[in-house]
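Participant: okay, structure incoming, though there's no sequence with it:
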């Protein structure tokens with residue numbers, strides 16, 4: 001891995017260090033300073049002239065702080081004559097703002113993509129974007145990974161003879177169907193209607209879950225309103241057992257404890273795209289690492305190899 005320089009903002013230093021350990025390269029330090037007027041200044045504290053630079057920064061709480069850090073790191077890398085700068089986005093929170101579904105609202109997913117490119121991003125490596133169209137918001141190449149292999153490897157350790165994968169809504173049904181195919185089990189989906197950020201209704205579950213071991217799969221869990229609503233429908237249909245899985249475990253506002261307190265939820269599985277403080281973790285939580293997948297994708301990008309081949313059977 002010659003001529004490669006990896007930096008991380010303050011969003012998820014632990015994941016960045018793990019990625020670098022898998023790559024066998026150092027994680028270079030970044031100085032982030034806040035002035036008296038509340039402005040940030042960023043300095044990349046390693047040479048990156050004519051280097052292949054990777055900036056690892058998920059957009060997690062506080063999102064706006066971490067976004068500005070990333071924009072400043074991009075500007076610093078461009079000013080330091082980096083040969084190419086790739087933004088590694090384990091979690092792109094603005095991907096949820098992907099369409100105009102009300103009058104006079106902004107489409108944040110597209111706007112932030114434009115900001116990243118304007119600041120100096122030559123390429124983006126993202127993981128499980130909220131919707132496929134977000135990929136097209138970027139005017140630079142995007143390598144879009146998913147965490148289905150990591151989740152599949154975990155659940156293959158269970159008896160899957162009576163298992164059904166359930167998507168909370170039809171929007172996530174395609175990913176749930178791909179996950180079900182990898183596990184060799186059937187799939188079902190909830191008929192969901194959202195009224196507000198924390199208020200949803202699931203009128204029915206399309207598919208057979210009666211007497212089945214259910215794995216609920218979503219791309220991310222924030223407040224957990226959708227999962228809690230789906231659990232009520234699964235109980236009414238007499239599901240035998242329930243496990244909850246997602247890629248991005250945001251677990252805002254005590255969602256992790258709220259889901260974990262449900263007696264019929266045996267396990268909650270997520271990946272480490274989002275940092276979860278040790279104090280907030282519960283016994284039912286299992287966190288899988290995506291660092292090896294990100295590291296392999298970065299190695300392939302650096303060497304000019306196919307990233308899509310990572311998903312070949």
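Facilitator: The structure has been received and is ready for your questions. This is a predicted model, so every value here is computed, not measured.

Participant: and the strands in the stretch 1-150 of the chain, which stretches?
Facilitator: Secondary structure of the stretch 1-150 of the chain by DSSP state E, counting those that start in this stretch: the strands cover 4-8, 27-28, 30-34, 40-44, 52-56, 84-89, 123-127, 142-145.

Participant: would you list these in JSON lines and tack on mean neighbour count and distance to residue 248?
Facilitator: The C-beta positions use only the backbone N, C-alpha and C, and glycine is treated the same way. Shown next, in JSON lines, are those (neighbours: other CB atoms under 10 Å; distance: least, CB to CB, whole Å):
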{"stretch": "strand 4-8", "mean neighbour count": "24", "distance to residue 248": "18"}
{"stretch": "strand 27-28", "mean neighbour count": "18", "distance to residue 248": "22"}
{"stretch": "strand 30-34", "mean neighbour count": "13", "distance to residue 248": "23"}
{"stretch": "strand 40-44", "mean neighbour count": "16", "distance to residue 248": "25"}
{"stretch": "strand 52-56", "mean neighbour count": "27", "distance to residue 248": "15"}
{"stretch": "strand 84-89", "mean neighbour count": "24", "distance to residue 248": "11"}
{"stretch": "strand 123-127", "mean neighbour count": "21", "distance to residue 248": "8"}
{"stretch": "strand 142-145", "mean neighbour count": "20", "distance to residue 248": "13"}
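
Participant: tabulate those strands (a markdown table), appending distance to residue 266.
Facilitator: Below are the strands of the stretch 1-150 of the chain laid out as a markdown table (distance: least, CB to CB, whole Å):
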| stretch | distance to residue 266 |
| --- | --- |
| strand 4-8 | 34 |
| strand 27-28 | 36 |
| strand 30-34 | 40 |
| strand 40-44 | 43 |
| strand 52-56 | 33 |
| strand 84-89 | 31 |
| strand 123-127 | 26 |
| strand 142-145 | 28 |
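
Participant: can you redo those as CSV with mean pLDDT?
Facilitator: Conversion of those to CSV gives the following (pLDDT from 0 to 100):
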stretch, mean pLDDT
strand 4-8, 97
strand 27-28, 98
strand 30-34, 97
strand 40-44, 97
strand 52-56, 98
strand 84-89, 98
strand 123-127, 97
strand 142-145, 95
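
Participant: which one of those strands lies nearest to residue 291?
Facilitator: Between residue 291 and the strands of the stretch 1-150 of the chain, the shortest gap by CB to CB is with strand 52-56, which sits at 9.9 Å.

Participant: can you pull the pLDDT of the residue of the chain most remote from its centre?
Facilitator: Residue farthest from the centre of the chain, counting by CA atoms, centre = their mean, is residue 36 at 33.6 Å. At residue 36, the pLDDT value in this model is 96.

Participant: just residue 197 next, same as before
Facilitator: Residue 197 is given a pLDDT of 63.

Participant: the helices in the stretch 51-200 of the chain, which residues?
Facilitator: 63-79, 108-119, 148-155, 173-183 (DSSP state H, counting those that start in this stretch).

Participant: list of residues touching the longest one?
Facilitator: Contact partners of helix 63-79, identified using CB atoms under 8 Å, 6 or more residues apart in numbering, comprise 7, 9-11, 30, 32, 40-44, 48, 53, 55, 57-60, 85, 87, 93-94, 112, 115-116, 119-121.

Participant: the same query, at a cut-off of 7 Å, please.
Facilitator: 7, 9-11, 30, 32, 40, 42-44, 48, 53, 55, 57, 59-60, 85, 87, 93, 112, 115-116, 119-121 (CB atoms under 7 Å, 6 or more residues apart in numbering).

Participant: this completes my enquiry, with thanks.
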